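Peer 1: Kindly generate the corresponding structure for this input.
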Amino acid sequence: MTAAENVCYTLINVSLDSEPPNEISLKIDLEKGDVKTKTDALKKVIIMILNGEKLPGLLMTIIRFVLPQQDHTIKKLLLVFWEIVPKTTPDGKLLQEMILVCDAYRKDLQHPNEFIRGSTLRFLCKLKEPELLEPLMPAIRGCLEHRHSYVRRNAVLAIYTIYRNFENLIPDAPELIHDFLVNEKDASCKRNAFMMLIHADQDRALDYLSTCIDQVHTFGDILQLVIVELIYKVCHANPTERARFIRCIYNLLQSSSPAVKYEAAGTLVTLSSAPTAVKAAAQCYIDLIIKESDNNVKLIVLDRLIELREHPTHERVLQDLVMDVLRVLTTPDLEVRKKTLHLALDLVSSRNVEELVIVLKKEVIKTNNVSEHEDTDKYRQLLVRTLHSCSVRFPDMAGNVIPVLMEFLSDSNEAAAADVLEFVREAVQSFDSLRPVIIEKMLEVFHAIKSVKIFRGALWILGEYCSSKDDIQSVMTEVRRSLGEIPIVESEIRKETGEIKIDDDVQVIPTQKLVTEMGTYATQSALSTRPSKKEEDRPPLRKFLLDGDFFVAGALATTLTKIALRYVALVQEKKKQNSFAAEAMLIMATILHLGKSSLPKKSITDDDVDRISLCLKVLSECSPLMSNIFNKECRKSLSQMLAAKLEEEKLSQKKQSEKRNVMVQADDPISFMQLMAKNDMTSKEDQFQLSLLAAMGNTQRKEASDPLTSKLSKVTQLTGFSDPVYAEAYVHVNQYDIVLDVLVVNQTSDTLQNCTLELATLGDLKLVEKPSPLTLAPHDFANIKANVKVASTENGIIFGNIVYDISGAASDRNCVVLSDIHIDIMDYIQPALCTDAEFRQMWAEFEWENKVTVNTNITDLNEYLQHILKSTNMKCLTPEKALSGYCGFMAANLYARSIFGEDALANVSIEKPVHLGPDAPVTGHIRIRAKSQGMALSLGDKINLSQKKVKA
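Peer 2: Have a look, this model is predicted:
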């Protein structure tokens, strides 16, 4: 083991501005100082040794003048000192002075103070020298019978570590600890003893558990956790034992400790797939989510529930618990609610959809009464989308949901209103029976709509689906109401020029009174406040038009044309037909006039002029062809779009269900555990071991088909083969940190002393600790490990050098400069999904954009897109149908999210220049948008590098 790989038990904070003391002054302080001075001196000695100083001259001073001290602080510091100080000579033999230390610790193990005994026992767990431990064994055994539990539990740990490292020193440890466990009453001592038996002698642990299995529920939570671990390990190794312990696990589900309940539920599901077991575990998880206040805990337990659902046989059981799952919605955290709604939607079936919809409707109404908050709006959106999905899957529910949701069309939050509008549009097309109700409700809320985008959508729905004479008349009335007095230009000019007269007319009583009493001053004050009042009182549509938003005028013209053509077909009287059409044409003409005038903030665009003019022409001619296009073809386009969307959703659901269905064919090979690859054994691996590895950052990633080649691809050569010191690094990327495993080879015939790896970082990287210096014999090699913390997703660079002294040489320190190590951004980026609306919203919000010009030798559009997806880890949001076929150009949206929660968006716009021949490469641009500059630039660099790598 190299110095860098030694286990570190103690971390000490050192202030960087303190000056290092010299050895002579420390020696004087340790010899002649009082307790406080000795304490400070000892602290300085510890810090100096941790920084690589040897200080051999102080060892005997500390033994003579500090070791006999009875002060508790000094004794505690001495434990740290003996842990870090070198205890052997260069040839590996134990220092003679350590015999004196050993005798001092034998006395401490018999000290009347339990703190000194206990902390000494903890220190002995860290000793790796059997020569020091052997004389202390009788005293350690004696501590098992001490009156204080602190001493007893540390004695158990000391015996366990000594037995594990040097079994010959205490061969009867399992028997000794088993006898101790039977007679022990303290929970922490029992837990330590039981844990030792699990790892040292599992049969004895099982014997003890068998004697007290009915009392397990009365034990303390720390002991219960260890019992759960033992049961899992035993049943994992020997499945026939399951029946013996499953009742015990059921009892532990009722434990008062949340940690025990969580572990017991996880263990129960791995031991049994019976519906009762799955139901009990799921119920336990749901209770934990509701009762725990920490949102991180809620999210972790929710993930376990989602994992449970993914098993095909468990889904049916969980469907019965969907109402319990919905109790989690009482949590105010948006992320928890989001996961809960997704899970509930996955579990919904025809048996429970009605109850689900009732709960969701109540939640939607609740959001209306809550004071406005950013998360309230987002939560309302989530609820609307969930209800939308329910209504699509179970059409019978739509009638209950729509009236409640349509109230939100007038919501000030445009995103929530847009979701409702999309839902209403789909419902009005799909469910003929609901059309009258939807139209009626839409006319009710029409005048209260605040957003121009929602107003436009509402106009389209009314124009498309109003089929009766009364409904058409109502639409015209609402349009006139939201437009105000027409012609618009004349009425606005009249208000501008005849301001005072209008004010006199409007403020008949109050203004007259004020004028007679106070004269012109009162009139002036009334005039100064009046125009702003008028601004507020403008009808919605008129306000949109005066703000210069004439796109809504195009939608209005189309709507008026549709309802006028339908009215002409419904009503036989020529006079009424002409009257209605003339009214519609007057509205369009007055809007055109307004657009050309100087009254709006922005003048009308040519597109909108063309659209309104076309509608005027259609109404003036009323040809059957145009009537067919306006009244039938538009609806046909919508139904085709909805049908395609539905087909796509069914396809994705089918793929998901196929993934979950476990199908075993008659000729499928049989899997033997011993012969299976690591990757195929996830369900059969020890979950406790896996979670421990994950916590330590040693998770087994899915490597390439040949693990050696995949590991070698991450090795970076740092120096040349002709350098005196050769170095190469294996870069292992964990989630939030990078481990550099650097191989250093001495290629000279000299001994290199104080060989130190000095590293520095560029970007959002931080070196955790300075690697320790080494001594390398001629042609020797060693491994040095260095940890680098990562804080955000951007390309980082690690650079540095190796410095060393040549033994016997009088020259200065030698230095070898290392090549830079570039950290790949792709290790932190994962494909993710988002809706089109979310993509557009993020695209508008993100301020950093990086435009990358396509420069490649790939000649096929689809092939280039797949290559970009593979090299950037991004997910294509554009559906396959939209990308299929060939037309010479392609546009696609890509999305990914980093492990730090940063979003990355990309828009690929590429074309195949046909005029340059069939072998011409793809051209175009990729626009990347991200919240942080580093993400946008790093992703752009990655695309630039990867698109050139492909060979023709």
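Peer 1: which residues in the stretch 751-900 of the chain form strands?
Peer 2: Here the stretch 751-900 of the chain has its strands, by DSSP state E, counting those that start in this stretch, at 752-762, 765-767, 774-776, 781-790, 796-806, 814-817, 821-823, 829-831, 848-853, 875-876, 889-898.
Peer 1: buried ones in the third one?
Peer 2: Looking back up the chat, that one is strand 774-776. By 16 or more other CB atoms under 10 Å, the buried positions in strand 774-776 come out as 774, 775, 776. Any C-beta I mention is one placed from the backbone N, CA and C, and that applies to glycine too.
Peer 1: Among those, which one lies nearest to residue 182?
Peer 2: residue 774 (49.3 Å; CB to CB).
Peer 1: what about stretch 199-206, average pLDDT?
Peer 2: Taken as a whole, stretch 199-206 has an average pLDDT of 84.
Peer 1: okay but residue 447 is in contact with residue 482, surely?
Peer 2: Yes: with contact defined as CB atoms under 8 Å, residue 447 reaches residue 482; the gap is 5.8 Å.
Peer 1: From the buried residues of strand 774-776, pick the one nearest residue 434.
Peer 2: Checking the buried residues of strand 774-776 one by one against residue 434 (CB to CB), the nearest turns out to be residue 774, at 77.9 Å.
Peer 1: quick one: low-confidence ranges for the stretch 51-200 of the chain?
Peer 2: Within the stretch 51-200 of the chain, the stretches with pLDDT under 70 are 52.
Peer 1: Could you pull out the helices in it for me?
Peer 2: 58-61, 72-84, 98-108, 114-124, 130-133, 137-143, 149-165, 173-183, 187-200 (DSSP state H, counting those that start in this stretch).
Peer 1: Just the buried residues of the fifth one, please?
Peer 2: Read it as helix 130-133. For helix 130-133, by 16+ other CB under 10 Å, it's 132, 133.
Peer 1: elements contacting that helix?
Peer 2: Under the contact criterion of 3 or more CB pairs under 8 Å, 6 or more residues apart in numbering; DSSP states H and E, helix 130-133 touches helix 98-108.
Peer 1: helices or strands up against the helix it packs on?
Peer 2: Against helix 98-108 (3+ CB pairs under 8 Å, 6+ apart) you get helix 114-124, helix 130-133.
Peer 1: Residue 447 and residue 482: who's more crowded?
Peer 2: Neighbour tally, residue 447 and residue 482, criterion other CB atoms under 10 Å: the higher count belongs to residue 482, 20 against 13.
Peer 1: That one is in contact with residue 541, isn't it?
Peer 2: Yes: using CB under 8 Å, residue 482 is in contact with residue 541, at 4.0 Å.
Peer 1: Which neighbours do those two have in common?
Peer 2: Counting by CB atoms under 8 Å, 6 or more residues apart in numbering, residue 482 and residue 541 have no contacts in common.
Peer 1: and residue 634, what does it touch?
Peer 2: 464, 562.
Peer 1: where does it sit relative to residue 483, distance-wise?
Peer 2: 23 Å (CB to CB, to the nearest Å).
Peer 1: And for residue 245?
Peer 2: 76 Å.
Peer 1: With residue 240 instead?
Peer 2: 81 Å.
Peer 1: Check residue 827 too.
Peer 2: 58 Å.
Peer 1: got the contact list for stretch 398-406?
Peer 2: 357, 361, 364-365, 384, 387, 390-391, 420, 423-424, 427, 430-431, 433-434, 437-438, 441-442, 445.
Peer 1: May I see the buried residues of it?
Peer 2: Buried residues in stretch 398-406 (16+ other CB under 10 Å): 398, 401, 402, 404, 405, 406.
Peer 1: can you check stretch 65-77 too?
Peer 2: Quick answer for stretch 65-77 (16+ other CB under 10 Å): 65, 66, 67, 74, 75, 76, 77.
Peer 1: One more: stretch 484-494?
Peer 2: Neighbour count says stretch 484-494 has 484, 486, 488, 489, 492 buried, by 16+ other CB under 10 Å.
Peer 1: now do stretch 107-115
Peer 2: So for stretch 107-115, counting by 16+ other CB under 10 Å, buried means 108, 109, 114.
Peer 1: what's the distance between that stretch and the middle of its chain?
Peer 2: Centre-to-centre, stretch 107-115 and its host chain are 50 Å apart (CA atoms, centre = their mean, to the nearest Å).
Peer 1: what's the span of that stretch, first residue to last?
Peer 2: Its start and end residues considered, stretch 107-115 measures 14 Å (CA to CA, to the nearest Å).
Peer 1: quick check: mean pLDDT across the helix or strand residue 742 falls within?
Peer 2: Residue 742 belongs to strand 737-746 when assigned by DSSP states H and E. For strand 737-746, mean pLDDT is 88.
Peer 1: what lines up beside it in the sheet?
Peer 2: Applying DSSP bridges, strand 737-746 is found paired with strand 725-733 (antiparallel), strand 781-790 (antiparallel).
Peer 1: which of these is buried the deepest?
Peer 2: Highest mean neighbour count of the strands paired with strand 737-746: strand 725-733, a mean of 20 (counted as mean count of other CB atoms under 10 Å).
Peer 1: Mind telling me what element residue 315 is part of?
Peer 2: Using DSSP H and E, residue 315 falls in helix 312-319.
Peer 1: do residue 566 as well
Peer 2: helix 551-570.
Peer 1: where in the stretch 701-850 of the chain is pLDDT low?
Peer 2: Ranges of the stretch 701-850 of the chain meeting pLDDT under 70: 701-711, 735, 792-795, 808-811.
Peer 1: Mind doing that once more with 80?
Peer 2: Along the stretch 701-850 of the chain, segments meeting pLDDT under 80 span 701-714, 733-737, 763-765, 768-770, 772, 790-796, 807-813, 823-828, 837.
Peer 1: what do you get for the stretch 451-600 of the chain?
Peer 2: Ranges of the stretch 451-600 of the chain meeting pLDDT under 80: 463, 466-468, 482-541, 548-549, 567-574, 577, 598-600.
Peer 1: what are the ranges of the helices in it?
Peer 2: 452-465, 469-483, 488-497, 499-506, 508-518, 520-537, 540-546, 551-570, 574-596.
Peer 1: can you put those in JSON lines and add distance to residue 864?
Peer 2: As requested, the helices of the stretch 451-600 of the chain are arranged in JSON lines below (distance: least, CB to CB, whole Å):
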{"stretch": "helix 452-465", "distance to residue 864": "35"}
{"stretch": "helix 469-483", "distance to residue 864": "49"}
{"stretch": "helix 488-497", "distance to residue 864": "51"}
{"stretch": "helix 499-506", "distance to residue 864": "63"}
{"stretch": "helix 508-518", "distance to residue 864": "72"}
{"stretch": "helix 520-537", "distance to residue 864": "53"}
{"stretch": "helix 540-546", "distance to residue 864": "42"}
{"stretch": "helix 551-570", "distance to residue 864": "35"}
{"stretch": "helix 574-596", "distance to residue 864": "43"}
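Peer 1: Out of those, which gets nearest to residue 921?
Peer 2: helix 551-570 (38.6 Å).
Peer 1: follow-up on the earlier one: pull the most distant pair out of the buried residues of stretch 65-77.
Peer 2: 65 and 76 (17.3 Å).
Peer 1: about what we covered before: now do the shared contacts for residue 447 and residue 482.
Peer 2: Common contacts of residue 447 and residue 482 (CB under 8 Å, 6+ apart): 539, 540.
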